[in-house]
Every structure is written in C-alpha cells, then in structure tokens.
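[1] task: produce atomic coordinates for the following.
(chains A, B, C and D)
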2 protein chains.
Amino acid sequence: MTRAEENYIKTIFHLGGNKAQLISTNAIAEQMETKPSSVTDMAKKLAEKGLLNYIRYQGVSLTDLGSKTALSIVRKHRLWEVFLVKKLDFTWDEVHEVAEQLEHIKSEKLIDKLDELLDFPKYDPHGDPIPTKDGQFLERDKQLLSEMPLNVKGICVGVKDTSATFLKFLDKNAIALGNAIQVLEKEDFDDSLRIQIGDRQMQISNQIATNLYVKKDS
Amino acid sequence: MTRAEENYIKTIFHLGGNKAQLISTNAIAEQMETKPSSVTDMAKKLAEKGLLNYIRYQGVSLTDLGSKTALSIVRKHRLWEVFLVKKLDFTWDEVHEVAEQLEHIKSEKLIDKLDELLDFPKYDPHGDPIPTKDGQFLERDKQLLSEMPLNVKGICVGVKDTSATFLKFLDKNAIALGNAIQVLEKEDFDDSLRIQIGDRQMQISNQIATNLYVKKDS
DNA sequence: ACATATTTTTAGATTTGTCTAAATTTTAAT
DNA sequence: ATTAAAATTTAGACAAATCTAAAAATATGT
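    A predicted model of the protein is given here:
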C-alpha cells in the first residue's frame, strides 16, 4: 500500500464509510483537500484491489479488508500520539501532524513494542479509542457536553474538534481530560452553559459544549 | 525535500562525497540498486537546488548545504536506531530497515526530544557516531581488528559490515560492542586470527577481522 | 414532469521518479 | 595515436498521483 492509498482508506473510515454507508467522492475530496476527479481515480484503484466497494455516481464504502486496513492505520496513528505526549512531552495540539507521518511506517514489531512501551493504552490524548492489534474498537460510552442534563456529574473524556485552536483554548482555561464537569445552567438565548469544572465555575459557548465529550460519572 | 532526494544525499554522503571527492553516477546507482541514468537525472536536479556539485561525466560531491542535509538525515537514522534498541528491545540486526523509514519523518522537535529521551547518545548500536544537532561529527579513534598489533589490549567499538548475517554471527559467538578483545596470533596461511575475547579464546577468519572495529584500551 | 443545478466521471495534461536504448564521452590497451 | 571498452548522458517512454475542462448522470424545484 502506498501512502496515498492509506490516506484515502483512513479518510473514508473517518467519514463513516465502514458501516455499509456510502461516502460521496465530493465528501472525500473536501476532507482531503483534493479534487473529486482525483478521488474517482483512486476509488477505482482501491475497488480493484478489494479495499473499497465503489458504485459509480453513488460513492464508496470500505470492504472488510478495507476496514481492517483502516483500523491498523488508526491504531498506529493513535499509539504514536500517545508516545509523543507520554514519552516526548508533546502537547495534545502538537501531535497530529507528526502522527500523520509516523502512521505510515511499516513494521509490525515496531507497533507491538510501542504498544508495550506505552503500557497498552486504551485511549489517545484526545480521548479517542485505540483499536487493538486484532482490530477491536471500543467506543466509549460518552456524550457531548451540550447534551448532558443539568446537574448530573460527569467526567471530561474526549474532544470532537482536535484543532490546535480548540485544544489550546482548553489548555488556557484549564479544561483537561479526566476533569470532573457538570452543567449548572443553560442559557436559552445563545445555548451557552454555566458549568462546574473541578472546583471552579465558568461560562462556555455552545460551540465549546458541542465539541467536548463527557461520560456520566458512575 | 522528497524522500527520494534525501536518499540520494544520504547515499552520496556514505560514499564519501563530502570531502570534495567526486562520486561517480555508477557508484551511486550500484549502491542504490538503480540505474545510472536515473542518477544523472537526480544529480542535475539536486545540483540545481544547490545540494550537489555536479560535473558532467565526472561525478558529484556534496555542497556545504548538501553535507548539512546529509548529517541531519544520518543523525535521525542513528537516533532512531538507538531508540529501537534501547526502548523497544530490537536487536542490532533488525534496526536498519525500520530506521530507513523513520529517518524521513519531518519534525525538529521530535528529534530533539528523542535525543533527550535517549540521554544524548554519542554512538548508534553499530558503534557509528551520531552527528549533533549542529552537525558535529565525532569519528572515534578506532581501527580494524585485522590491523591491531599482537597482544595489545583493545575494546570492540563498532562494525563495518552491518548486514544481519554478520551481526547475527557476532551474537551467536557472543561478540558485542564493549567487549575486551586482543589478537594473540596471526595465521600467515589464511590471515585468520586467534583472539582473546573476554575470558575466552577463539579463532576468527580474516573476513570477520576486517569488519570489526577496535579501539586501543587506554 | 421538465428544466436547471449539482455532482460525478471521463479525457487529456502534468510532475516526479524511474526505466530502456541509443548516443556521447572518457578511459584503457596495444 | 588509434581503437576498443567502459562509463555517462540524452531522448523518449512509463507508472503513480494529481489537476483542469468537458461530458454525463443524478438530484432538485416548481
């Protein structure tokens, strides 16, 4: 598999193309910042190789082989992210770009040993689950902070938007994964929220609340 | 810099093209298992970019910029080798292939932090020196075992041949970097040597002796 | 249902890095 | 000094991955 092929497979996976749902060439092109015609070419090629189901004018989905491939790439990406944060003191807004490169390194032993060095982490620095070696993918029971009922205790477990801008905003406001979090009040006017975070209270916009994942504290 | 360009620069460096000495396109082609005509094309391109001095029909050498680039790639390659051995329990015959991929990852912070994680190593697992961040390159005072005088105490510090075959042979015979080593007798007939290694004695062929680097014990 | 807008594909071109075969230059031998 | 051999370059072709512009298919609005 070439690097370009791997990037297409990964993108289709992230767009939800594993669940028999068809993803349009336009959606893929937009996500990858390329042209739809390029996507069509690659779709044909990857269908030929048995990684995609491709229906002309309809879109693509991953085959079982394609899903397996995608999970392996996602596993590598997320393990490298953990490595960068845990072993090399990268911040969570710095890891993505480098992991994009590292995820293409080919060596099964490397990834197995890395997994071991990191103590078999289950989640990456953004709270996303790391697929196991055999492709198990444990999505955590989580919901957006914006959908939490009032006065229910939760724990911050992930972010939806992983852009540096958003992550740095969270850092600046001392919001981190693992923090206790709770919605105290919803403002009808702009859907902003008054929240309890640790022992502080603060007001956050709806845009923040729709990009923070919370798990109910049990 | 593309991956292909980096590989050319690195190969020319290893063939000695840094010392104003001209390296032939044939030599480069052979080393890289490619065709001389491909090397010519790339030589023109890299000369255009200011990385090589290229004289038609004569060969190429690295410019200062080219040398700097080469040292940076070699530094990355060797640091990754140390990482693989020290942190992921790779054996010294397994590291090369993976480091060939890792050396192309682009992130200055990654390499600085890796260097720090490994405690700023001076040599890679084969005893080759690791260039510093600013391109300092400390070649160790060493000589081939075959050139050591009789009964002079030495320490094994490196290998010339880094093939898996040779490295595995050394492992099998418990010859490792850091071992005390001493030539006891030279056989005129086939230039084989009787050596003292640690507290054992053994007989080794000239081919082994011309691929092991030793430093005089002082 | 039909015209129009949108999406998707095709056709042909481009860039990078490679190759083969032919031409050119250098080297070596007598 | 010529000539043969070896090394090197040029010219033209190819595969991968991309692009633009035009054509084809699908979706949408009234």
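
[2] what sits against the residue positioned nearest the centre of chain A?
    By CA atoms, centre = their mean, chain A has its centre lying nearest to A:D128, at 5.4 Å. Contacts for A:D128 (CB atoms under 8 Å, 6 or more residues apart in numbering or on different chains) come out as A:R78, A:G158. All C-beta atoms are positioned from the backbone trio N, CA, C, and that covers glycine.

[3] for it, what are phi and psi?
    Backbone torsions of A:D128, given as degrees, to the nearest 10, read phi -80, psi 140.

[4] with A:Y57 instead?
    phi 70, psi 0.

[5] quick check: it vs A:P36, distance?
    Distance, A:Y57 to A:P36, by CB to CB, to the nearest Å: 12 Å.

[6] just A:L102 next, same as before
    For A:L102, the distance to A:P36 - CB to CB - is 29 Å.

[7] which one's more surrounded, these two?
    A:L102 (22 against 15; other CB atoms under 10 Å in any protein chain shown).

[8] for the more buried one, what are its contacts?
    A:K76, A:H77, A:W80, B:I105.

[9] quick one: is the helix of greatest length in chain A near chain B?
    The single longest helix within chain A, with elements called by DSSP state H, is helix A:64-86. Yes: part of helix A:64-86 sits near chain B under the criterion CB under 8 Å from any CB of the partner chain, namely A:L84.

[10] so that helix, near DNA strand D or not?
    No: using CB under 7 Å from any atom of the strand, helix A:64-86 stays clear of DNA strand D, with a minimum separation of 14.1 Å.

[11] buried ones in that helix?
    A:66-67, A:69-85 (16 or more other CB atoms under 10 Å in any protein chain shown).

[12] got it, and stretch A:6-17?
    A:E6, A:N7, A:Y8, A:I9, A:K10, A:T11, A:I12, A:F13, A:L15, A:G17.

[13] in helices only, show me the residues you listed.
    A:E6, A:N7, A:Y8, A:I9, A:K10, A:T11, A:I12, A:F13.

[14] my guess is the fifth one contacts A:K76. True?
    No: using CB atoms under 8 Å as the test, A:K10 is too far from A:K76 to be in contact (10.0 Å).

[15] which residues of chain A score low on pLDDT?
    A:17 (pLDDT under 70).

[16] close to DNA strand D: what parts of it are there?
    So far as CB under 7 Å from any atom of the strand goes, chain A lies against DNA strand D at A:T2, A:R3, A:A4, A:E5, A:T34, A:K35, A:S37, A:S38, A:D41, A:M42, A:K45, A:Y57.

[17] what's the spacing between the closest residue to the second one other than its chain neighbours and DNA strand D?
    The shortest distance from A:R3 to any residue that is not its chain neighbour, by CB to CB, 6 or more residues apart in numbering or on different chains, is 5.1 Å, and that residue is A:H104. When distances are taken as CB to the nearest atom of the strand, to the nearest Å, A:H104 and DNA strand D turn out to be 11 Å apart.

[18] again with A:E185
    A:E185 is 38 Å from DNA strand D, by CB to the nearest atom of the strand.

[19] quick one, helices of chain A?
    Counting by DSSP H, the helices of chain A are A:3-14, A:25-32, A:36-48, A:64-86, A:95-102, A:108-117, A:164-172, A:206-209.

[20] quick check: phi and psi on the residue of chain A positioned farthest from its centre?
    Relative to the centre of chain A, and counting by CA atoms, centre = their mean, the farthest-placed residue is A:F189 at 30.7 Å. Dihedral pair for A:F189: phi -60, psi -50, per degrees, to the nearest 10.

[21] can you list the domains in chain A?
    What automatic domain parsing lists as the domains of chain A is A:3-62, A:143-216.

[22] measure the first one end to end?
    Start-to-end span of domain A:3-62 (CA to CA, to the nearest Å) is 17 Å.

[23] roughly how far is that domain from the heart of the chain?
    18 Å (CA atoms, centre = their mean, to the nearest Å).

[24] I'd like to know how far whichever residue of chain A sits closest to DNA strand D sits from A:M42.
    Among all residues of chain A, A:T2 sits closest to DNA strand D, at 3.0 Å; criterion: CB to the nearest atom of the strand. Distance of A:T2 to A:M42, computed by CB to CB: 10 Å.

[25] more neighbours, these two?
    A:M42 (22 against 9).

[26] picking up where we left off before, now narrow the ones in helices among the buried residues of stretch A:6-17 to whatever sits close to chain B.
    Among these, chain B is touched by none when using CB under 8 Å from any CB.

[27] was I right about A:I73 contacting A:E5?
    No: at 10.3 Å, A:I73 does not count as touching A:E5 under the criterion of CB under 8 Å.

[28] how far away is the closest residue in space to A:G127 that isn't next to it in sequence from A:G178?
    Among residues not flanking A:G127 along the chain, A:G158 sits closest, at 2.5 Å (CB to CB, 6+ apart). A:G158 sits 11 Å away from A:G178, taking CB to CB as the criterion.

[29] which one's more surrounded, the two?
    A:G158 (21 against 9).

[30] list the residues that contact that one.
    A:Y123, A:H126, A:G127, A:D128, A:R140, A:K142, A:L177, A:L212, A:Y213 are the contacts of A:G158 under CB under 8 Å, 6+ apart.

[31] what residues are bridge-paired with it?
    Here A:G158 shows beta-bridge partners A:Y213, assigned using DSSP bridges.

[32] common neighbours of A:K10 and A:K76, please.
    A:E103.

[33] residues near the closest residue to A:N179 other than its chain neighbours, how many?
    Counting by CB to CB, 6+ apart, A:N179 lies nearest to A:C156, which is 4.6 Å off, once chain neighbours are set aside. As a burial measure, A:C156 scores 22 neighbours (other CB under 10 Å).

[34] A:C156 reaches A:L212, doesn't it?
    Yes: assessed by CB under 8 Å, A:C156 is found in contact with A:L212 at 6.3 Å.

[35] okay, and the common contacts of the two?
    What both A:C156 and A:L212 touch, as defined by CB under 8 Å, 6+ apart, is the set A:L145, A:I175, A:I181.

[36] thinking again about what came up before, please report phi then psi for the residue nearest to A:R3.
    The phi/psi pair for A:H104 (degrees, to the nearest 10) is phi -100, psi 0.

[37] my guess is it meets A:E6, correct?
    Yes: using CB under 8 Å, A:H104 makes contact with A:E6 at a distance of 6.0 Å.

[38] show me whatever sits in contact with both of these two.
    Counting by CB under 8 Å, 6+ apart, the residues touching both A:H104 and A:E6 are A:I73.

[39] many thanks, have a good one.
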